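Peer 1: Have a look; sequence and predicted model below, questions after that.
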Amino acid sequence: MTLTPVPHLAVIVVAAGSGTRLQGGAPKAFVGIDDRSILHHALRGVFAAMSAQVVVVVPRGYEGEALTDARNAAGDRADLFTVVVGGATRQESVAAGLAALWADVEIVLVHDAARALTPPAVFDRVVHAVDAGAAAVIPTLPVVDTIKRVDESGRVVGPVDRSELAAAQTPQGFLRSVLEAALAAVDADHTDDAAAVAAAGHAVVTVEGDAAAFKITTGPDLERARALLATEPAASVARPPVHSAPRVGIGTDVHGFGGEGTLWLAGLEWPGEVALSGHSDGDAVAHSIVDALLAAAGLGDIGTHFGTDRPEFAGAHAAAFLSHTVQLLSDAGWRVGNVAVQVQARRPRFADRRIEAEQALSAALGGAPVSVSATTTDGLGFTGRGEGVAAFATALVVPV
Ligand SMILES: Nc1ccn([C@@H]2O[C@H](COP(=O)(O)OP(=O)(O)OP(=O)(O)O)[C@@H](O)[C@H]2O)c(=O)n1
Ligand SMILES: C[C@](O)(CO)[C@H](O)COP(=O)(O)O
């Protein structure tokens, strides 16, 4: 992973456009490329390229979705992003992003979410050019088509010398003071930030862009992005692990006796024992593990993913809960390190089946080590009176 070590740097990701040319059924940044949105892929690229404040500018009403995308892309760098509402034009959205910058930011990049597959190397080139002294830097590609000037009726009125043209991309990089002053003084709506800065009298320099930094504007552009991700995900866009360190989590669960059928606990059936009650099988041991894993990964808790509105988990056993949790973790870039769980119960007696329980839970977690311990509470409390079972779990998750 390339992490550009430039202090006082921020990236504004503008994602507040409506996508009228794409017609994707949602604001463009929230349209899916694969199972992830354009914004998610754009933010993954940004977080892969650098460690900096990231301001995400979105349409009103999409702040929640943007937070989820940003959280998934940022991994353990969630303290670095801010989500703000944009304006009616791209320029207004950039201004909204600028207003949210931390006080110590000196260099700012403005990046289109729509250029979702921009490689980290483009960010590097832009940042290094600003860091080396340029007030304004844009990545460009040469224009490859023959260009004509046409009139309103579509009739060609003359040639254009393409040798003096370049196609502008993003991220565009600026000294913060220069961009802020240019946008404060601007009296026209420009389609990119470099135009506003140039209108304010500053030189704009170019660095090499990249074909993969194309802007998803129309349906065929979206198809191109889909094809790139499907055929060469590693080459077309950086999809690195976004977490840099393991994390721990804690979970507890309690169920009372009084359910129907036989007891299920710690992933095992216990013939002859009274069942626990609950929406599922009442397996407090498995549920505490789910909570510990989700907490470790920052993915909420069991109610977030297995609420009573999920009929498929009614009566479900540990394996269903744990394997789905492993999938949620995997989607967010985590795998299970290990789990330790303690069960407090007068019955059932765990001594003879402790290893069997560890093996069942481990298998449901795809082989991660699970330690199970059990204790009574000397007759104290609801577990001591034999009214129910309590379980306490800790879990370690590690970056994939
Ligand atoms: N009011 C706006 C308009 C555009 N953008 C952002 O600016 C980038 C480039 O704009 P464009 O590709 O033109 O996006 P849209 O305006 O959404 O597309 P269209 O012009 O087809 O409606 C996009 O990431 C878009 O989300 C923005 O943040 N706020
Ligand atoms: C900023 C930009 O992506 C540079 O090419 C572009 O100007 C913005 O998109 P639009 O299609 O011109 O609105």
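Peer 2: Everything's here; your move. Ligands and ions are numbered 1, 2, ... in the order given.

Peer 1: what does the stretch 51-200 of the chain put close to ligand 1?
Peer 2: Applying C-beta under 6 Å from any ligand atom, one finds that the stretch 51-200 of the chain approaches ligand 1 through Val57, Gly86, Gly87, Ala88, Thr89, Arg90, Ser93, Asp112, Ala113, Ala114. Heads up, the C-betas are built off the backbone N, CA and C, glycines and all.

Peer 1: Please indicate which of these are buried?
Peer 2: Neighbour-count burial (16 or more other C-beta atoms under 10 Å) applied to these gives Val57, Gly86, Gly87, Arg90, Ser93, Asp112, Ala113, Ala114.

Peer 1: Out of those, which is nearest to Ala391?
Peer 2: Among these, Ala113 lies closest to Ala391 (C-beta to C-beta), at 42.8 Å.

Peer 1: mind listing the helices for this structure?
Peer 2: For the chain, applying DSSP state H gives helices covering 38-49, 63-74, 90-99, 120-131, 176-185, 193-199, 219-231, 233-236, 284-297, 302-305, 318-331, 354-364, 381-384.

Peer 1: For the stretch 1-150 of the chain, give me the ranges with low pLDDT.
Peer 2: Under the criterion pLDDT under 70, the flagged ranges of the stretch 1-150 of the chain are 1-7, 76.

Peer 1: How about whichever residue of the chain sits closest to ligand 1, nearest residue that isn't a chain neighbour?
Peer 2: Nearest to ligand 1 in the chain, going by C-beta to the nearest ligand atom, is Gly17, at a distance of 2.0 Å. Nearest in space to Gly17, with sequence neighbours left out and distances taken as C-beta to C-beta, 6 or more residues apart in numbering, is Lys28 at 5.5 Å.

Peer 1: Counting neighbours, what do you get for that neighbour?
Peer 2: For Lys28, the neighbour count with other C-beta atoms under 10 Å is 27.

Peer 1: Equivalent analysis for Trp102, please.
Peer 2: Quick note: Trp102 (other C-beta under 10 Å) scores 12 neighbours.

Peer 1: nearest spatial neighbour of it, skipping sequence neighbours?
Peer 2: With C-beta to C-beta, 6+ apart, the residue lying closest to Trp102 is Gln53, at 5.4 Å.

Peer 1: List the residues that contact that neighbour.
Peer 2: The neighbours of Gln53, taking C-beta atoms under 8 Å, 6 or more residues apart in numbering as the test, are Leu9, Ala10, Val11, Leu80, Phe81, Thr82, Leu101, Trp102, Val105.

Peer 1: Mind putting those into JSON lines with distance to ligand 2?
Peer 2: JSON lines is the format used below for the contacts of Gln53 (distance: C-beta to the nearest ligand atom, whole Å):
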{"residue": "Leu9", "distance to ligand 2": "19"}
{"residue": "Ala10", "distance to ligand 2": "17"}
{"residue": "Val11", "distance to ligand 2": "14"}
{"residue": "Leu80", "distance to ligand 2": "23"}
{"residue": "Phe81", "distance to ligand 2": "21"}
{"residue": "Thr82", "distance to ligand 2": "21"}
{"residue": "Leu101", "distance to ligand 2": "19"}
{"residue": "Trp102", "distance to ligand 2": "24"}
{"residue": "Val105", "distance to ligand 2": "20"}
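
Peer 1: near ligand 1, which residues of the stretch 201-350 of the chain?
Peer 2: Looking at ligand 1, the residues of the stretch 201-350 of the chain close enough under C-beta under 6 Å from any ligand atom are Lys215, Thr217.

Peer 1: Low-confidence stretches in the stretch 201-350 of the chain?
Peer 2: 232-242, 309.

Peer 1: Nearest to ligand 2: which residue in it?
Peer 2: Closest point on the stretch 201-350 of the chain to ligand 2, by C-beta to the nearest ligand atom, is Lys215, at 5.2 Å.

Peer 1: Leu396 against Ala245, yeah?
Peer 2: No - taking contacts as C-beta atoms under 8 Å, Leu396 lies outside contact range of Ala245: 10.9 Å.

Peer 1: So which of the two has more stuff around it?
Peer 2: Leu396 (18 against 8).

Peer 1: residues contacting the residue most central in space within the chain?
Peer 2: Centroid-nearest residue in the chain: Asn72, 2.0 Å away (criterion: C-alpha atoms, centre = their mean). For Asn72, the contacting residues are Arg36, His40, Ala332, Gly333, by C-beta under 8 Å, 6+ apart.

Peer 1: and if we set it to 10 Å?
Peer 2: Residues near Asn72 by C-beta atoms under 10 Å, 6 or more residues apart in numbering: 36-37, 40, 43-44, 47, 78, 242, 298-299, 331-333.

Peer 1: Most neighbours among those residues, please name it.
Peer 2: The most crowded member of the contacts of Asn72, judged by other C-beta under 10 Å, is Leu43 (30 neighbours).

Peer 1: can you tell me how far it sits from Glu65?
Peer 2: 12 Å (C-beta to C-beta, to the nearest Å).

Peer 1: sorry, back to before: enumerate every residue touching the residue nearest to Gly17.
Peer 2: 15-22, 37-39, 59, 112-114, 116, 215-217, 222 are the contacts of Lys28 under C-beta under 10 Å, 6+ apart.

Peer 1: are any of those buried, and which?
Peer 2: Among the contacts of Lys28, those classed as buried by 16+ other C-beta under 10 Å are 15-17, 19, 22, 37-39, 59, 112-114, 116, 215-217, 222.

Peer 1: top strand in the chain by residue count?
Peer 2: For the chain, the strand with the greatest residue count under DSSP state E is strand 247-265.

Peer 1: ok and that strand relative to helix 318-331, angle-wise?
Peer 2: For strand 247-265 against helix 318-331, the angle by axes from the mean of the first three to the mean of the last three C-alpha atoms, to 10 degrees is 160 degrees.

Peer 1: quick one: buried residues of strand 247-265?
Peer 2: Arg247, Gly249, Gly251, Asp253, Val254, His255, Phe257, Gly259, Leu263, Trp264, Leu265.

Peer 1: go on, stretch 323-343?
Peer 2: Quick answer for stretch 323-343 (16+ other C-beta under 10 Å): 324-326, 328-329, 332-334, 336-337, 339-343.
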